[in-house]
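**Q** My questions concern the predicted model and sequence given below.
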Amino acid sequence: MAVIYLGTPVPAKFLAATVNRNFEIPENVTQNSLISSLYHRYQRDLYVITVAANFANPSVLNGITRRQAVTLDCGVKAIGVGNLNLGKPLYYMSIIVTYTLQLLRVLIAHRDKHFLVITGNAHVFTALPVLLAKLFFRLCYVPFIMGTVESPEYTGIWGVVASLTPRLIRSADATFTYVAKSALDYTKRPYLEIVYSLDEHILQLSNQVETTRSAHKPMTIMYAGTLDDRAGAGILMETIRRSGEAYHWVICGKGKLADAARDLGDQASNVDYLGVISQEEVITRLCKADLLISLRPSSNRIFSYYAKYAASAKLTDYLLSGTPVLASDVGSIAKDYRPYLNLVDGDDPATILKSIERIDETYDECLRKAQLGREFVKLHATSEYQGEKIVAFLDEVWKQWYQSQHTR
């Protein structure tokens, strides 16, 4: 068995300096962590296909980029496919073509091998090349559902294109995903639910923070993350307004509602809006707060969809702090995390405040639960642990697929 990974991984150093907006840090960290585990298991039987960029000069954006090799942080040499970075339509059309050509090159050059193909997400531009290749080769296809399967906010031609993804993912032989509901609702095939792996630097930082708490009056409640309505920032700020001066609130992050958060901090003496702060300070504050909050609205069709199917890496960082966490009870929360969270049903500020009052009244019990959550993620939410789970799952999927192919 050999493995082909098809996605968008690039070296972390390049991503930190590039002006190219086609790459995202969370996805890049996730992809590189996975590839490192795959490389440890499959060595020379691993082939990585990514998207080429101006690796030699990250500060310059190339409109036309040719195929080239790039060495990822784990030592794997990936082939970057050429592309036309001249607007989204041309960009996506170009990588569908070049992904397909490069995938066929690898398959033709190694006809003697049997391949399992993993794609980063199951979107059209990665899934379609695999389906085209399957017209000529027998392939076991396992997409990694890092994000949502659908994009309900897209309309017009982009809505039509996005609607292809739920259809294409049905061709998967299995999936691994952050949200079990995605696999259950869209593929009806074997799946593995995983959790976001902790960044090693974050883990080290949290271990350096003294987590022994003295009672805070009023209780300090913290939110760290994106400040927009989809991430629940609007509900959070309305909850803060209704709480009066009962609690001390700390907000950090950026987004469309950053100005509203700043105004709220200016108006209320018990609200601190910190803006974007260093990773070190975020970790320290998470560990020293009394309660962390993560709200997910379901007030309209789009918000409701993301609440069901979009996982959040935030909960892993929250649990690592050992601080009690109050989170909206939504379908995207991993089942392994649920025992360690304080869940609130609904997105009404009055209901949220009642949940906060209950936590305040039973704080010692909530703190013990949070400490168990911290130990759980330190043991299980690591790239090594999750990587071993994924590799074991892929081996089993491959075995079943291979047997089915040879009993026809």
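**A** Thanks, I have it.

**Q** residue ranges of the helices in the stretch 51-200 of the chain, please?
**A** Applying DSSP state H, counting those that start in this stretch to the stretch 51-200 of the chain gives helices spanning 88-109, 124-133, 156-162, 164-168, 180-186, 200-208.

**Q** buried ones in the shortest one?
**A** This means helix 164-168. 165, 168 (16 or more other Cβ atoms under 10 Å). In short, each C-beta sits where N, CA and C put it, glycine included.

**Q** And stretch 97-111, by the same measure?
**A** In stretch 97-111, counting by 16+ other Cβ under 10 Å, buried: 97-100, 102-103, 106-107.

**Q** Would you mind pulling the contact partners of that stretch?
**A** Here stretch 97-111 makes contact (Cβ atoms under 8 Å, 6 or more residues apart in numbering) with 2, 4, 6, 47, 49, 67, 79, 81-83, 115, 117, 125-126, 128-130, 132-133, 136-137, 139.

**Q** how near is K256 to G234?
**A** Distance of K256 to G234, given as Cβ to Cβ, to the nearest Å: 10 Å.

**Q** can you give me the strands for the stretch 151-300 of the chain?
**A** Assigned by DSSP state E, counting those that start in this stretch, the stretch 151-300 of the chain shows strands spanning 175-177, 191-193, 220-224, 248-252, 271-275, 291-294.

**Q** can you tell me which of the helices of the stretch 51-200 of the chain comes nearest to S37?
**A** For the helices of the stretch 51-200 of the chain, proximity to S37 was assessed by Cβ to Cβ; helix 200-208 is nearest, at 14.0 Å.

**Q** Show me what the closest one packs onto, helices and strands only.
**A** Where contact means 3 or more Cβ pairs under 8 Å, 6 or more residues apart in numbering; DSSP states H and E, helix 200-208 is packed against helix 279-288, helix 314-320.

**Q** hmm, 6 Å instead?
**A** Packing partners of helix 200-208 (3 or more Cβ pairs under 6 Å, 6 or more residues apart in numbering; DSSP states H and E): helix 279-288.

**Q** Which secondary structure elements does the helix it packs on sit against?
**A** Packing contacts for helix 279-288, counted by 3+ Cβ pairs under 6 Å, 6+ apart, involve helix 200-208.

**Q** Put the alpha carbons of the helix it packs on into CSV.
**A** C-alpha atoms of helix 200-208 as CSV (Å, rounded to 0.1, in the frame of the first residue of the first chain):
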residue,chain,number,x,y,z
GLU,A,200,3.5,21.8,21.2
HIS,A,201,4.4,25.4,22.0
ILE,A,202,1.0,26.0,23.6
LEU,A,203,1.3,22.9,25.6
GLN,A,204,4.7,24.0,26.9
LEU,A,205,3.3,27.5,27.8
SER,A,206,0.3,26.1,29.7
ASN,A,207,2.7,23.9,31.7
GLN,A,208,4.6,26.9,32.8
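
**Q** What's the local residue count around the closest residue in space to L379 that isn't next to it in sequence?
**A** Ranked by Cβ to Cβ, 6 or more residues apart in numbering and with sequence neighbours excluded, the top spatial neighbour of L379 is Y385, at 7.0 Å. Using other Cβ atoms under 10 Å, Y385 has 17 other residues around it.

**Q** so Y385 sits in a strand?
**A** No: read with DSSP: H, G, I helix; E, B strand; the rest coil, Y385 is helix and lies in no strand.

**Q** What's the separation between it and A327?
**A** The spacing between Y385 and A327, counted by Cβ to Cβ, is 22 Å.

**Q** same thing with A53?
**A** Plainly put, A53 is 36 Å away from A327 if you go by Cβ to Cβ.

**Q** With R301 instead?
**A** If you measure R301 against A327 using Cβ to Cβ, the figure is 22 Å.

**Q** So if I had to pick from these two, which one is more boxed in?
**A** More crowded of R301 and A327, by other Cβ under 10 Å: A327, with 23 against 9.

**Q** Identify the residues contacting A310.
**A** Contacts for A310 (Cβ atoms under 6 Å, 6 or more residues apart in numbering) come out as 148, 332.

**Q** Apply 8 Å and report the result again.
**A** 147-148, 179, 332.

**Q** quick one, phi psi at it?
**A** Here is the backbone geometry of A310 (degrees, to the nearest 10): phi -100, psi 110.

**Q** Check the gap between it and S304 for me.
**A** A310 sits 11 Å away from S304, going by Cβ to Cβ.

**Q** Of all the helices of the stretch 51-200 of the chain, which one is nearest L15?
**A** Proximity to L15 (Cβ to Cβ) singles out helix 200-208 among those, at 15.3 Å.

**Q** and that closest one with helix 279-288, angle?
**A** Angle of helix 200-208 versus helix 279-288, following axes from the mean of the first three to the mean of the last three Cα atoms, to 10 degrees, is 50 degrees.

**Q** Give me the buried positions along helix 200-208.
**A** By neighbour count on 16+ other Cβ under 10 Å, the buried set for helix 200-208 is 202-203, 205-206.

**Q** With stretch 73-92 instead?
**A** Of the residues in stretch 73-92, those buried (16+ other Cβ under 10 Å) are 73-74, 76, 78-85, 91-92.

**Q** Then stretch 136-150?
**A** The neighbour-count check on stretch 136-150 (16+ other Cβ under 10 Å) flags 139-150 as buried.

**Q** how about CSV for those residues, with distance to R167 added?
**A** CSV is the format used below for the buried residues of stretch 136-150 (distance: Cβ to Cβ, whole Å):
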residue, distance to R167
L139, 18
C140, 19
Y141, 14
V142, 17
P143, 13
F144, 18
I145, 15
M146, 19
G147, 17
T148, 15
V149, 10
E150, 11
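
**Q** Nearest to E193 among those?
**A** Nearest to E193, judged by Cβ to Cβ, of the buried residues of stretch 136-150 is I145 at 10.0 Å.

**Q** And the closest one, how far from Y178?
**A** With Cβ to Cβ as the criterion, I145 and Y178 are 7 Å apart.

**Q** Does C366 touch G322 like I think?
**A** No: assessed by Cβ atoms under 8 Å, C366 is found out of contact with G322, at 11.2 Å.
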